[in-house]
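Colleague: Okay, structure incoming, though there's no sequence with it:
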């Protein structure tokens, strides 16, 4: 009868309200009963089921990462890791060593942050040429909104003499190799041309294995092209898609209008099964704070010459948003700066399906008080990445003392009754949920992040953070009836931990380890 009883655990069914039991009875892939261990044992035995002794360990619902990039995550796990590099000299050393063993046609790396470099400047194509002159190189900044290419890569991507916006130039007008936003997309698309369906399948499997080992059981792909979707279908049809995937497609792929295509097929939000569903469309308004391409209502404090900018034509954006809404698809829209959020919420206010379809705001890094009120009025889910707090340690310089108070307002959002979901934007931030929770709870207190003193009132409790990472994210992907908690009737996705997170000192949260992972009641790790 496919019944399993899990007994002698400290099983958190939900975190808001906080509910825990010692036993869980699972029938096939769903929770049948939650209660005392002795009763679970009796029920399991009477139904001819097996028993699993949890030995007092803590159990939480499976983590739902509502916004990441599955194929990019797989690619980053297989390419040069440049996180934490402290200088251009160190970057070049790592690049040289990697290029000697790398067998791919392009030499790829990810994770550098020029704010950490002792040289106090961006890397350039000439830096990369000194190390790898004959093969194309693309190294993306950790935000994935900027990158640096060597000269060979600039030539192959057609960016040396291009008028594409986002090619940075030196004082003499020569391209430096640094590309942002649209120009970076051109370079990344050039790399993707070299990838086959088999490559995408491999990347997704690598990413899936990494996610499962971290306790992530469901993901939302925020920006998926048709090649990745085909690879997902291939894994799904072969029964090899273990995690649950909720897809937000890019609006155009190689000339194909994806919105019109989905509408012509009658595909609406939620099309699919328990493992793979198409939810909607991913759009952008602006860029990121790191390269100062996030769209602010006033100039950057550390560069008054710019306020950032929208990276799309705003009339085209409004037209596409209306088409997506009319097609019954959910919007997931990148808006980081306060001006970008203002524009997006004004657009959402005009759409008929905003509340019903739960059109999402991705990131919402800078939120003014009036925008918090409007978010509440619209009932719009906000999908955030708490680890940005630690990665954007320089944000005080970008924003100034007054404006930094609007930064990553998680506690304000929750207290205002606005649905809040957690994610990592991986590979932008690490997949490990405990690093995300640690960031939401501590906000850089132990790292002496300068913005902490101005934003410490936005710190969350561990229970609040866990709620956002489970039930909050489930709501953002329309899955609150099946996922996000372990109440009877829900899918049995859960994680067994080496310690109880609610009784772990906040500075030790990142040391919590995943010991077992179950998806649909089956142990997958």
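Modeller: Now that the structure is in, tell me what you want to look at. Since we're looking at a predicted model, the values are computed, not measured. Residues are numbered from 1 along each chain as shown.
Colleague: which parts of stretch 179-194 are buried?
Modeller: By 16 or more other Cβ atoms under 10 Å, the buried positions in stretch 179-194 come out as 179-181, 183-188, 190-191. (C-beta placed from N, C-alpha, C; glycine too.)
Colleague: One more: stretch 500-520?
Modeller: Applying a neighbour-count criterion of 16+ other Cβ under 10 Å, one finds 500-502, 504, 509-510, 512, 514, 516-520 buried in stretch 500-520.
Colleague: quick one: the helices in the stretch 151-300 of the chain?
Modeller: Using DSSP state H, counting those that start in this stretch, the helices of the stretch 151-300 of the chain run over 151-156, 181-192, 197-213, 226-237, 258-264.
Colleague: Over to the stretch 1-150 of the chain?
Modeller: 37-46, 70-78, 88-101, 125-131.
Colleague: Can you tell me which of the ones you listed is most buried?
Modeller: helix 70-78 (a mean of 24; mean count of other Cβ atoms under 10 Å).
Colleague: how's the chain carved up into domains?
Modeller: 3-56+488-523, 73-192 (automatic domain parsing).
Colleague: closest to residue 333 out of the ones you listed?
Modeller: With Cβ to Cβ as the criterion, residue 333 lies closest to domain 73-192 of the domains of the chain, at 15.3 Å.
Colleague: end to end, how far does the closest one reach?
Modeller: From its first residue to its last, domain 73-192 covers 14 Å (Cα to Cα, to the nearest Å).
Colleague: what pLDDT, on average, does that domain get?
Modeller: Domain 73-192 carries an average pLDDT of 95.
Colleague: Which of the helices of the stretch 1-150 of the chain sits closest to residue 251?
Modeller: Of all the helices of the stretch 1-150 of the chain, helix 70-78 sits nearest to residue 251, with 17.6 Å by Cβ to Cβ.
Colleague: helices and strands around the closest one, which ones?
Modeller: With contacts taken as 3 or more Cβ pairs under 8 Å, 6 or more residues apart in numbering; DSSP states H and E, helix 70-78 sits against strand 107-112, helix 197-213, strand 216-224, helix 226-237.
Colleague: TSV for these, including distance to residue 36 and mean neighbour count?
Modeller: Formatted as TSV, these follow (distance: least, Cβ to Cβ, whole Å; neighbours: other Cβ atoms under 10 Å):
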stretch	distance to residue 36	mean neighbour count
strand 107-112	47	24
helix 197-213	30	19
strand 216-224	26	27
helix 226-237	38	18
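Colleague: Out of these, which is closest to residue 308?
Modeller: Shortest distance between residue 308 and the helices and strands packed on helix 70-78, using Cβ to Cβ, is found for strand 216-224: 19.8 Å.
Colleague: Name the nearest of the buried residues of stretch 500-520 relative to residue 493.
Modeller: When those are ranked by distance to residue 493 (Cβ to Cβ), residue 519 comes first, at 5.2 Å.
Colleague: That closest one and residue 243 touch, don't they?
Modeller: Yes. Taking contacts as Cβ atoms under 8 Å, residue 519 lies within contact range of residue 243: 6.9 Å.
Colleague: any shared contact partners between these two?
Modeller: Residues within reach of residue 519 and of residue 243 at once, by Cβ atoms under 8 Å, 6 or more residues apart in numbering, are 212, 217.
Colleague: Strands of the stretch 251-400 of the chain, start to end?
Modeller: 252-253, 256-257, 271-272, 276-284, 330-335, 360-363, 382-384 (DSSP state E, counting those that start in this stretch).
Colleague: Let's have the buried residues of stretch 500-520 in a markdown table, adding secondary structure, pLDDT and distance to residue 214.
Modeller: Shown next, in a markdown table, are these (DSSP: H, G, I helix; E, B strand; the rest coil; pLDDT from 0 to 100; distance: Cβ to Cβ, whole Å):
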| residue | secondary structure | pLDDT | distance to residue 214 |
| --- | --- | --- | --- |
| 500 | coil | 98 | 18 |
| 501 | helix | 98 | 14 |
| 502 | helix | 98 | 19 |
| 504 | coil | 98 | 17 |
| 509 | helix | 98 | 14 |
| 510 | helix | 98 | 12 |
| 512 | coil | 98 | 11 |
| 514 | strand | 98 | 6 |
| 516 | strand | 98 | 13 |
| 517 | strand | 98 | 9 |
| 518 | strand | 98 | 14 |
| 519 | strand | 98 | 13 |
| 520 | coil | 98 | 18 |
